[in-house]
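J.: A structural model of the following input is requested.
(3 chains)
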Amino acid sequence: MFFLPIKRIKQKNESMLFMPELPEVETVRRAMAAHLIGRRIIRVQTSNKRLREPLPKPRLKALAGVSFTCAERRAKFLLLHLDDGQTLLVHLGMTGNLVFRQATEKHDHVIFELDGGLSLVYADPRRFGMVLVCSAAELAASPYLNRLGVEPLDDAFNLEFLWSHCKGRERPIKNMIMDSHVVVGVGNIYASEALFNAGIRPTVAAKRLSKVRLGRLVEAIKAVLRDAIQAGGTTISDYLGDGSGGRFQQSLAVYGRTGQGCLVCERPVQAMVMAGRSTFYCSGCQK
DNA sequence: AACCGCGCCTGTTCGC
DNA sequence: TGCGAACAGGCGCGGT
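T.: Numbering: from 1, shown residues only, chains lettered A, B, ... in the order given. The predicted structure follows:
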């Protein structure tokens, strides 16, 4: 039994909040690839709660007897392929988690009892996530997957790509990089962090940014996501070793640090709301 | 066409 | 002290 390393964000009050972004989802995918593939489902139990989509209970329960063959990630979706040709399409939403454990907890929504006595649990207190069963045809036609932008860590996400999207666009650069039809997996936290690292103020109109600065932003996005995945991957081996449930913690330069000194220039970190989302930046380091 | 704001959810924290 | 409001955010959708 082990725990998955979901990043915990420190709030003003020192309490912690789960927030799966792309690095966390990739970390979960790697854990599934390592420990779920090849296992057979003995029985499936579900809650009666509605997630983002209603749970397909009959189709979930009908999975008894099939085995997991492959774990993929697309954006923040997990694609857990099965040997009957179907795929579990899982999104962790804001508070979802896939974890191996025996004891049932309050917010468990799907429990896959596996051969070997292990259980895989989908838990999600705020129920922003989803667990769907898709045939190959349904997966290929899925509206959730079809309109997604490029993967930020793919070569296709590069300066030319971002520049072509920013050209002539009035919208703020933060909204642009958080638009999943453009580039996927850049959530609210990493958007603020990447813009800080690139020295770009989140409010700047996309079309005002030079190619040089957009190039810095592309690299900052890739770097912050790569670093976070690296850290998540490190903790996986840790908690497998001693079962202590290691937690991946990201050191954040601006996110959630309103009023605290910038780590570079010591000016107080500014907070504002953009497109309904809290946004953080340093007025000294970001222009 | 481009792009913003809303609503879904619950646990935690804040203010009165 | 108790209770309601505010807040956290991914993402599709409706509206401008």
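J.: Surely residue A:99 is in a strand?
T.: Yes: under DSSP: H, G, I helix; E, B strand; the rest coil, residue A:99 falls within a strand.
J.: Quick check, pLDDT for it.
T.: Here the pLDDT value assigned to residue A:99 is 90.
J.: Same question for residue A:146.
T.: 89.
J.: Give me the distance between residue A:222 and residue A:228.
T.: The gap separating residue A:222 from residue A:228 is 11 Å, by CB to CB, to the nearest Å. (C-beta placed from N, C-alpha, C; glycine too.)
J.: which residues touch residue A:166?
T.: Contacts for residue A:166 (CB atoms under 8 Å, 6 or more residues apart in numbering) come out as A:173, A:176, A:206-207, A:209, A:214.
J.: Hmm, residue A:217 and residue A:158 touching each other?
T.: No: between residue A:158 and residue A:217 there is no contact under CB atoms under 8 Å: 11.2 Å.
J.: The two: which has the busier surroundings?
T.: For the pair residue A:158 and residue A:217, the greater number of neighbours falls to residue A:217 (23 against 15), based on other CB atoms under 10 Å.
J.: That one - nearest residue in space that isn't next to it in sequence?
T.: Distances taken as CB to CB, 6 or more residues apart in numbering place residue A:198 nearest to residue A:217, at 4.3 Å, with adjacent residues excluded.
J.: thinking that neighbour is in contact with residue A:213, fair?
T.: Yes: in terms of CB under 8 Å, residue A:198 counts as a neighbour of residue A:213; the distance is 6.9 Å.
J.: List, one by one, the residues from chain A near DNA strand C.
T.: For chain A, the residues in contact with DNA strand C (CB under 7 Å from any atom of the strand) are A:17, A:19, A:21, A:52, A:75-77, A:91, A:93-95, A:126, A:128, A:143-144, A:147, A:178, A:180, A:184, A:187-189, A:255, A:273, A:276-278.
J.: So for residue A:198 and residue A:213, which sits in the more crowded spot?
T.: residue A:198 (23 against 15).
J.: what's near enough to touch that one?
T.: Taking CB under 8 Å, 6+ apart, we find residue A:198 in contact with A:213, A:216-217, A:219-220.
J.: and the stretch 101-250 of chain A, which residues reach DNA strand B?
T.: So far as CB under 7 Å from any atom of the strand goes, the stretch 101-250 of chain A lies against DNA strand B at A:106-107, A:125-128, A:169-172, A:175, A:206.
J.: Of the residues you listed, which pair is most distant in space?
T.: Maximum pairwise distance in those, criterion CB to CB, is 45.3 Å, between A:106 and A:170.
J.: Taking the stretch 101-250 of chain A, what residue is nearest to DNA strand C?
T.: The minimum distance from the stretch 101-250 of chain A to DNA strand C, using CB to the nearest atom of the strand, falls at residue A:187 (2.7 Å).
J.: Check whether that residue really touches residue A:177, as I assumed.
T.: No: counting by CB under 8 Å, residue A:187 stays clear of residue A:177, with 10.2 Å between them.
J.: In terms of neighbours, single out the busier of these two.
T.: Neighbour totals were compared for residue A:187 and residue A:177, and residue A:177 leads with 27 against 19 (other CB under 10 Å).
J.: Would you agree residue A:269 falls within a strand?
T.: Yes: assigned with three-state DSSP, residue A:269 falls within a strand.
J.: which one is it nearest to, not counting chain neighbours?
T.: Nearest residue to residue A:269, sequence neighbours excluded (CB to CB, 6+ apart): residue A:257, at 4.5 Å.
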